[in-house]
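K.L.:
structure for this input, please:
(one chain, ligands or ions: 1)
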Amino acid sequence: MLSDPGRTPLHIDLRRHLREKHEDRDLTRLICEIADASKYIINAIRTGDLGMAGTSNLYGEKQLALDVLSDRILIKRLTHSEVVANLVSEESGQVVEIDPNNEEKYSVAFDPLDGSSLVDVNLAVGTIISIYKGSNLLQPGRNQVAAMYILYGPRTTLVYSTGRGVHEFGMNSLMEYTLNYENIRMAGPAKIYSPGGLRSKYTPGTKKFAQYLEKMGTKLRYSGGFVPDINQVLLKRGGLFMYPHLTDAPAGKLRLLYELNPMAFLIEQAGGAASTGRQRILDIVPERLDMLAPIFIGTKEAVEMAEKFIYEEED
Ligand code: AFP
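P.N.:
I've put the predicted structure just below:
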């Protein structure tokens, strides 16, 4: 296999890539089932009804029809994959038991369409997937056996890791995912930063960190979509995304199981880091499925700088 991270001249598709890395057959099947499901989600986004679905998720947020549709597409594929023990989505919020006592199978936590409110203004959105071995979905993120996201933007791309590097695939005209970059690595100071949340609600340490980034000439890049914003940090090989603790929301806004753990796994696999500002994201033991946490995620150097400002400025 090419060491890269350059572009590979070979058209290696996702299933071949997983097989050549000798991944577990059932995990390969699971990842490929999710990749297949994304084709139906793409179709729903491109042609679907943007009207409100009328229902709401457990956070009280009105569900867009696309959220509900994407959720159903993934639940159906995962249910019939024959390799899933339990699953839980950010939309439903309850564990769906498929083969709940089978520790040889996998459990999946996912956000079927993160950023769905951006679809009607034609901004990029994504599907985020977190995979554990066994039936327990309340494990710390460091126990994930794989994580992935699919980004529905001008191009459709898929990024995955099974703990041996992080790799990007692009969807071709036949709707197959073929390898673009293998073993993506990021390092050094942040070239770009994505500051979530209202600046007026930042605590002193985060305010000082944001001022430091701006003084260093770090460019602000923020779309409001977690998947495209993280993807930009990863693919530009150097940046930082933050959705910090706020004065009126000490746990921030983003969900640990469905958003933070999978992205933290992927970014760490690229040599980066992910922290609450005080603790490694992947070490958090989830207290409940809908747990929120603050996040600073990107190059190790940038995250360590954020932790330094928070340590120095806040008790
Ligand atoms: P929605 O899924 O409700 O659109 O929220 C998207 C999101 O959870 C995440 O994708 C973004 O990073 C974050 O919210 C943006 O939050 P703000 O709108 O408060 O900046």
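K.L.:
how about Val303, nearest residue that isn't a chain neighbour?
P.N.:
Among residues not flanking Val303 along the chain, Ala273 sits closest, at 4.0 Å (CB to CB, 6 or more residues apart in numbering). Yep, even glycine has a C-beta here, placed from its N, CA and C like the rest.
K.L.:
what bridges to the one you found?
P.N.:
Under DSSP bridges, the beta-bridge partners of Ala273 are Gly298.
K.L.:
and for Tyr106?
P.N.:
Val84, Lys133.
K.L.:
surely Tyr160 touches Val145?
P.N.:
No. In terms of CB atoms under 8 Å, Tyr160 does not count as a neighbour of Val145; the distance is 11.4 Å.
K.L.:
look at those two and report which has more neighbours.
P.N.:
The neighbour comparison of Tyr160 against Val145 (other CB atoms under 10 Å) goes to Tyr160, with 26 against 19.
K.L.:
in a strand, that one, correct?
P.N.:
Yes. Counting by DSSP: H, G, I helix; E, B strand; the rest coil, Tyr160 is found in a strand.
K.L.:
and the pLDDT at it?
P.N.:
Tyr160 carries a pLDDT value of 98.
K.L.:
so the nearest residue to it once chain neighbours are set aside, which state does it fall into?
P.N.:
Leaving aside its chain neighbours, Tyr160 sits nearest to Met148 (3.8 Å; criterion: CB to CB, 6+ apart). On the three-state scheme (three-state DSSP), Met148 is labelled strand.
K.L.:
Met148 bridge partners, please.
P.N.:
Beta-bridge partners recorded for Met148 (DSSP bridges): Ile129, Tyr160.
K.L.:
what is the burial count for it?
P.N.:
27.
K.L.:
where does the stretch 151-300 of the chain have low pLDDT?
P.N.:
Across the stretch 151-300 of the chain, nothing is flagged by pLDDT under 70.
K.L.:
for the ligand, what's the nearest residue on it?
P.N.:
Nearest residue of the stretch 151-300 of the chain to the ligand (CB to the nearest ligand atom) works out as Phe226 at 3.3 Å.
K.L.:
list the contacts of the helix ranked longest in the chain.
P.N.:
Counting residues, the longest helix in the chain under DSSP state H turns out to be helix 25-47. Residues outside helix 25-47 that contact it (CB atoms under 8 Å, 6 or more residues apart in numbering): 14-15, 18-19, 23, 66, 69-70, 73-74, 76-78, 81-84, 104-106, 108, 112-113, 119, 125, 127, 129, 131, 145-146, 148, 150, 152, 156, 158, 160, 162, 171, 175, 177.
K.L.:
the stretch 1-150 of the chain: strands as residue ranges?
P.N.:
For the stretch 1-150 of the chain, the strands defined by DSSP state E, counting those that start in this stretch cover 52-56, 62-64, 84-89, 96-97, 106-114, 125-133, 146-152.
K.L.:
show me what Met242 is bridged to.
P.N.:
Under the criterion used (DSSP bridges), Met242 bridges to Pro195, Phe296.
K.L.:
does the longest helix of the chain reach the ligand?
P.N.:
No. Judged by CB under 6 Å from any ligand atom, helix 25-47 makes no contact with the ligand; its nearest approach is 13.5 Å.
K.L.:
that helix to strand 146-152, inter-axis angle?
P.N.:
On the basis of axes from the mean of the first three to the mean of the last three CA atoms, to 10 degrees, helix 25-47 is oriented at 20 degrees to strand 146-152.
K.L.:
residues contacting the residue sitting nearest the centre point of the chain?
P.N.:
For the chain, Met263 is the residue whose C-alpha lies nearest the centre (CA atoms, centre = their mean; 3.9 Å). If you count contacts by CB under 8 Å, 6+ apart, Met263 has them with 128, 147, 149, 226, 230, 274, 297.
K.L.:
output the strand or helix carrying it as PDB, nothing but the C-alphas.
P.N.:
Element membership of Met263, judged by DSSP states H and E, is helix 261-269. The C-alpha trace of helix 261-269 is given here as PDB (Å, rounded to 0.1, in the frame of the first residue of the first chain):
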ATOM      1  CA  ASN A 261     -16.200  10.700  20.100                       C
ATOM      2  CA  PRO A 262     -16.100   9.700  16.400                       C
ATOM      3  CA  MET A 263     -14.400  13.000  15.300                       C
ATOM      4  CA  ALA A 264     -11.900  12.800  18.200                       C
ATOM      5  CA  PHE A 265     -11.000   9.300  17.200                       C
ATOM      6  CA  LEU A 266     -10.400  10.300  13.600                       C
ATOM      7  CA  ILE A 267      -8.400  13.500  14.400                       C
ATOM      8  CA  GLU A 268      -6.200  11.600  16.900                       C
ATOM      9  CA  GLN A 269      -5.600   9.000  14.200                       C
END
